[in-house]
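*Asks:* build me a structure from this.
(one chain, ligands or ions: 1)
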Amino acid sequence: MSKRDDASILPANPPHGEPKLGYLPVADIPHKPRVTDTDPKAARRAERQVAGMFILSMLLVVLFVVAFVTIDVTTVIYVPVLGEVGASNLALGLTFGGAVFLIGAGAIQWAKKLMPDVEVVQERHNMTSPKDDTEEAAATYERGKEESGFARYPIIRRTLIGALALFPIPLIVMLRDLWQTPAGANPVEILSSTSWRDGERIVPDIGHNTGENVPGIRPEEIPVGGLVSALPMSIKDLKDDVVANMRDRGKSAIILVRMDPEEIRSQQGEGWDYQGILAYSKICTHVGCPIALYEHRTHHLLCPCHQSTFDLADSGDVIFGPAARRMPQLPIRVDGEGYLVAASDFEEPVGPSFWERG
Ligand code: FES
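*Replies:* From the prediction side, this is the model:
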């Protein structure tokens with residue numbers, strides 16, 4: 001019996017006799033039986049294809065867990081087109097993405113090749129549900145269950161259940177990262193120290209990692225109202241260690257802004273500016289977006305992610321938005337050659353708030 005014949009079991013008129021209710025086969029769309037409707041071998045082949053995708057999905061979930069446990073997060077590999085990437089991220093992305101894709105692809109294949117493809121139209125009706133309707137809905141559900149083949153194709157049913165059962169495992173495994181940090185360090189230790197120290201030369205964050213020889217920034221290079229994104233000079237020593245380089249950049253990135261010293265209302269430490277040049281962390285204290293939107297007349301620094309706004313003329317205090325803490329300020333001075341340098345590390349952890357912060 002073709003799927004078109006199946007349509008004959010649909011009621012021509014709704015059971016409770018209301019003319020506009022119910023659903024009817026669409027008479028003017030010619031139905032073309034699929035190969036799987038007429039050829040049992042093709043149907044078996046499609047069944048095996050679908051089950052194969054679900055099995056492959058299960059396999060990829062297992063590989064995800066293996067990759068998570070065995071691949072060192074600091075391992076970097078070269079991939080054509082992408083360049084240098086973290087091996088762990090790549091493996092986790094490919095395995096988890098593949099597992100999700102295969103469940104979706106298997107479900108689509110199942111629907112397209114094995115489920116009934118009778119064209120029906122359901123007309124609108126009022127929103128109340130008479131008893132007849134609820135009974136009809138229950139009957140339709142039972143019929144749909146039967147027609148979908150959920151009971152008829154035990155291999156598909158079992159492999160789908162297996163794939164969906166394993167599917168949450170990557171999420172649970174990844175939750176570990178919420179309470180574990182590399183090398184057992186806690187967030188306080190990680191975010192409390194950066195590469196800044198007394199005498200560390202401040203260099204512009206442009207082409208620095210490409211090996212250019214940038215000697216530093218002189219105060220006269222920053223005009224009043226100007227902003228410069230900057231990094232510690234020592235970061236170029238990490239040029240060949242991609243992971244350490246990125247971590248260090250994430251913590252040590254700063255902005256330098258210059259204003260009339262008369263306009264500075266307060267700072268986080270006595271004399272932490274140099275002739276009106278102030279250095280602040282570039283990492284938002286809300287959830288860590290880098291910030292460089294500076295309005296020089298008001299001295300407001302605006303985070304583009306959730307619009308937290310900080311007043312750089314008043315200790316970097318939060319004046320708007322969800323950030324709970326001011327932007328940490330870096331004390332600066334000039335060295336013997338006239339270049340801007342840090343006077344110490346930050347005195348408070350940089351970056352977003354976290355539970356252990358005092
Ligand atoms: S990350 Fe800056 S406001 Fe949310």
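
*Asks:* do you know how far residue 172 is from residue 237?
*Replies:* 39 Å (C-beta to C-beta, to the nearest Å). Where C-beta positions appear, they are placed from N, C-alpha and C, glycine not excepted.

*Asks:* which one's more surrounded, these two?
*Replies:* Shown here are residue 172 and residue 237; by other C-beta atoms under 10 Å, residue 237 has more neighbours (13 against 9).

*Asks:* report the secondary structure state of residue 121.
*Replies:* Of the three states, residue 121 takes strand according to DSSP: H, G, I helix; E, B strand; the rest coil.

*Asks:* how many neighbours does it have?
*Replies:* Using other C-beta under 10 Å as the criterion, residue 121 is surrounded by 11 other residues.

*Asks:* same question, residue 102
*Replies:* Based on other C-beta under 10 Å, the number of other residues close to residue 102 is 21.

*Asks:* quick check, it in contact with residue 57.
*Replies:* Yes: A contact is recorded between residue 102 and residue 57 when judged using C-beta atoms under 8 Å, the distance being 3.9 Å.

*Asks:* which residues do the two both contact?
*Replies:* residue 163 (C-beta atoms under 8 Å, 6 or more residues apart in numbering).

*Asks:* any low-confidence regions in the stretch 101-250 of the chain?
*Replies:* Applying pLDDT under 70 to the stretch 101-250 of the chain flags residues 124-125, 177-187, 207-212.

*Asks:* how about the helices in the stretch 51-200 of the chain?
*Replies:* With DSSP state H, counting those that start in this stretch as the criterion, the stretch 51-200 of the chain has helices at 87-113, 131-148, 154-166, 169-175, 187-192.

*Asks:* rebuild those helices as TSV, extending it with distance to residue 76.
*Replies:* Listed next are the helices of the stretch 51-200 of the chain as TSV, based on distance: least, C-beta to C-beta, whole Å:
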stretch	distance to residue 76
helix 87-113	7
helix 131-148	47
helix 154-166	29
helix 169-175	21
helix 187-192	20
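
*Asks:* let me have these in JSON lines, extended by distance to the ligand.
*Replies:* Output for the helices of the stretch 51-200 of the chain, formatted as JSON lines (distance: least, C-beta to the nearest ligand atom, whole Å):
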{"stretch": "helix 87-113", "distance to the ligand": "22"}
{"stretch": "helix 131-148", "distance to the ligand": "45"}
{"stretch": "helix 154-166", "distance to the ligand": "34"}
{"stretch": "helix 169-175", "distance to the ligand": "22"}
{"stretch": "helix 187-192", "distance to the ligand": "15"}
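
*Asks:* can you pull the domain assignment for the protein?
*Replies:* 3-178, 189-342 (automatic domain parsing).

*Asks:* ranking those by burial, who's on top?
*Replies:* The highest mean neighbour count among the domains of the chain, using mean count of other C-beta atoms under 10 Å, belongs to domain 189-342: a mean of 17.

*Asks:* quick one: end-to-end distance for that one.
*Replies:* With C-alpha to C-alpha, to the nearest Å as the measure, the ends of domain 189-342 fall 20 Å from one another.

*Asks:* how about the contacts made by residue 243?
*Replies:* Contacts were defined as C-beta under 8 Å, 6+ apart; by that measure residue 243 touches 73, 74, 76, 86.
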